[in-house]
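**Q** Got a predicted structure plus its sequence, pasted below:
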Amino acid sequence: MKNRVTKAIFPVAGLGTRFLPATKSVPKEIMTLVDRPLVQYAIDEARAAGIKEFIFITSRGKGALEDYFDAAPQLEQELEAKGKDELLKILQATNMESGEIAYTRQHKALGLGHAVWCARKLIGDEPFAVMLPDDVIAAKTPCLQQMVEAYAETGGNMVAAMEVPEEKTGAYGILDADRGDSPLVSVRGMIEKPKPAEAPSNLAVIGRYILTPKVLDNLNELGSGAGGEIQLTDAIAQEIDGEGVHGLCFEGQRYDCGSKAGFLQATVAFGLSRPDLKDDLKGFLDGMVADGKIG
Ligand code: UTP
């Protein structure tokens, strides 16, 4: 099956415990990278790749996320009255058309695989993307677009892959695959969070996937895997001898905004990439590095 990919699932039902206490009342995906919530970066990347339908898997306490995508007529009127056209444009670009976005609840945080499975009735019988908004990827050609282009050649299932230091394999799904000259690798096996000694390579799966509906069928049958969670990796791995699995070693820099260190690095990198902030921020960082005092 080599259909076009027009639907994307955004699993955002996790507890976000690494950012407590902030995530006690603010969904992690609404946390701000420079001046936009994390989720906006994922939406922009999805649109660039041709995604037309956005399916969010949410949970209790994620109301701010739904509000974010609503029109804000009063705010728009005020900006218009004050002639703040630039800001108005920025604001309107975040609105979603009615029917373009759907929300479904994951009632218990049973794992990423279970979260994706919650969208099965909205996906139907077509290939779909999965995007984890905590992975923010800076790239000339947006990562999902690179994958959609490669997928047009391969069909089957595709995961975004990157090399990680050997001692970090325990934090990722790891591919059994050989990194050759081509960015596309053929996957022989997948294992969730292996210890470095048991990892078949240092190619890690990160939060971008293009999957076939068969993976949803596999999730139907699947029990808990590593960490007692229903693992997406396990359901994809079942397709290695079925519809096939490829890894795409994408071009670009991935920031793990699900971790504090990654979020801080992304904030600095995206700040430095902004012409309006660059000089101030650089001056500040140089001073901090030289002196190291915060007060
Ligand atoms: P994480 O492993 O980062 O978990 O999930 P988390 O709950 O978001 O954060 P921590 O580890 O407690 O700090 C990866 C992605 O999968 C989603 C999360 O929302 C995140 O986008 N997820 C995870 C679900 O939607 N449901 C789950 O049951 C688990």
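**A** Looks like it came in fine.
**Q** Give me the pLDDT for the most centrally placed residue in the chain.
**A** In the chain, the C-alpha nearest the mean C-alpha coordinate belongs to residue 132, at 2.3 Å (C-alpha atoms, centre = their mean). On pLDDT, residue 132 comes in at 98.
**Q** Secondary structure class of the nearest residue to it once chain neighbours are set aside, three-state.
**A** Leaving aside its chain neighbours, residue 132 sits nearest to residue 207 (2.9 Å; criterion: C-beta to C-beta, 6 or more residues apart in numbering). Where you see a C-beta, it was placed from the backbone N, CA and C, and this is true even at glycine. Under DSSP: H, G, I helix; E, B strand; the rest coil, the three-state class of residue 207 is strand.
**Q** so how many other residues sit close to residue 207?
**A** By other C-beta atoms under 10 Å, the residues close to residue 207 number 22.
**Q** And the residue of the stretch 1-150 of the chain closest to the ligand?
**A** residue 14 (2.4 Å; C-beta to the nearest ligand atom).
**Q** How about that residue, nearest residue that isn't a chain neighbour?
**A** Closest residue in space to residue 14, ignoring its immediate chain neighbours: residue 109 at 6.0 Å, by C-beta to C-beta, 6+ apart.
**Q** ditto for residue 115
**A** residue 11 (3.8 Å).
**Q** so how many other residues sit close to the one you found?
**A** Number of residues near residue 11 (other C-beta under 10 Å) recorded here: 26.
**Q** The one 5 residues further on now?
**A** Here the number of neighbours of residue 16 (other C-beta under 10 Å) works out to 20.
**Q** Report whether the expected contact of it with residue 28 is present.
**A** Yes - applying C-beta atoms under 8 Å, one finds residue 16 in contact with residue 28, separated by 3.7 Å.
**Q** what sits opposite residue 128 in the beta ladder?
**A** Counting by DSSP bridges, residue 128 is bridged to residue 211.
**Q** Helices of the stretch 51-200 of the chain, start to end?
**A** Applying DSSP state H, counting those that start in this stretch to the stretch 51-200 of the chain gives helices spanning 63-68, 73-81, 85-92, 112-117, 120-123, 143-154.
**Q** just for the stretch 101-250 of the chain, where's the confidence low?
**A** In the predicted model, the stretch 101-250 of the chain carries pLDDT under 70 at residues 223-228.
**Q** how about the strands in it?
**A** Along the stretch 101-250 of the chain, counting by DSSP state E, counting those that start in this stretch, strands occupy 101-105, 128-131, 135-138, 157-163, 173-176, 184-186, 189-192, 203-211, 245-249.
**Q** Could you save these as a markdown table and add columns showing distance to residue 89?
**A** A markdown table is the format used below for the strands of the stretch 101-250 of the chain (distance: least, C-beta to C-beta, whole Å):
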| stretch | distance to residue 89 |
| --- | --- |
| strand 101-105 | 20 |
| strand 128-131 | 25 |
| strand 135-138 | 22 |
| strand 157-163 | 31 |
| strand 173-176 | 39 |
| strand 184-186 | 38 |
| strand 189-192 | 43 |
| strand 203-211 | 28 |
| strand 245-249 | 33 |
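**Q** just so I know, which of those strands lies nearest the ligand?
**A** The ligand sits nearest to strand 203-211 of all the strands of the stretch 101-250 of the chain, at 6.9 Å, using C-beta to the nearest ligand atom.
**Q** Near the ligand, which residues of the chain are found?
**A** Within the chain, the positions lying close to the ligand (C-beta under 6 Å from any ligand atom) are 11-18, 28, 57, 106, 109-112, 114-115, 132, 134, 258.
**Q** Quick check on those: which are buried?
**A** Neighbour-count burial (16 or more other C-beta atoms under 10 Å) applied to the residues of the chain next to the ligand gives 11-14, 16, 28, 57, 106, 110-112, 114-115, 132, 134, 258.
**Q** any chance of the helices of the stretch 51-200 of the chain in TSV, with distance to residue 214 too?
**A** Below are the helices of the stretch 51-200 of the chain laid out as TSV (distance: least, C-beta to C-beta, whole Å):
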stretch	distance to residue 214
helix 63-68	29
helix 73-81	43
helix 85-92	39
helix 112-117	13
helix 120-123	11
helix 143-154	15
